[in-house]
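>>> sequence and predicted model, in that order:
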Amino acid sequence: QVQVVESGGGVVQPGGSLRLSCTGSGPSFGDYAVGWFRQTQGKEREFVALISYNDVTIEYGWFVKGRFTISRDNTKNTVYLQMNSLEPEDTAVYYCGAGTFPRQVEKVYDYWGPGTQVNVTS
């Protein structure tokens, strides 16, 4: 059983940056693909970025437009989401999920964290 937890959210002004972390428990976390998704109230969860277990596959949501970078450090059981040039539209709860296959859909991820809130406001 893998457990994951997100951290690094907070309040930032438009144009600012945040780095989110997704940390997994257990020695097998490095064998999983990780996807980041976000959700605002009343809307479905939206794909943000994903990374395969070996960094070979990296994909981003259409709205990222070069502003975010996903990476992982398997020695620390952690996947990072560096977010730059943040916009008010990026305000959401950000979730990470761990699963076998790197896909842009929620259902392939078996293990989810509780989420971390990101607020982009002036």
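Received the coordinates, thanks.

>>> my guess is Val4 contacts Cys96. True?
Yes - Val4 lies in contact with Cys96 (Cβ atoms under 8 Å); the separation is 5.8 Å. Heads up, the C-betas are built off the backbone N, CA and C, glycines and all.

>>> list residues touching both of the two?
The contact sets of Val4 and Cys96 overlap at 22, 112-113 (Cβ atoms under 8 Å, 6 or more residues apart in numbering).

>>> now, which of these lie within strands?
If you go by DSSP state E, the shared contacts of Val4 and Cys96 have 22, 112 in strands.

>>> identify, from the shared contacts of Val4 and Cys96, the entry nearest to Ser85.
Cys22 (21.0 Å; Cβ to Cβ).

>>> about what we covered before: any chance of the shared contacts of Val4 and Cys96 in CSV with pLDDT as columns?
CSV is the format used below for the shared contacts of Val4 and Cys96 (pLDDT from 0 to 100):
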residue, pLDDT
Cys22, 98
Trp112, 97
Gly113, 97
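
>>> on that earlier part again, ok, Val4 and Cys96, which is more surrounded?
Cys96 (28 against 24; other Cβ atoms under 10 Å).

>>> name every strand pairing with the helix or strand hosting that one and say which way it goes.
Cys96 is part of strand 92-99 when elements are defined by DSSP states H and E. In the sheet, strand 92-99 lines up against strand 33-39 (antiparallel), strand 109-112 (antiparallel), strand 116-120 (antiparallel) (DSSP bridges).

>>> from these, which stretch is densest packed?
strand 33-39 (a mean of 23; mean count of other Cβ atoms under 10 Å).

>>> and of the strands paired with strand 92-99, who's closest to Thr78?
strand 33-39 (9.5 Å).

>>> off-centre distance for that closest one?
On the basis of Cα atoms, centre = their mean, to the nearest Å, strand 33-39 sits 4 Å off its chain's mean C-alpha point.
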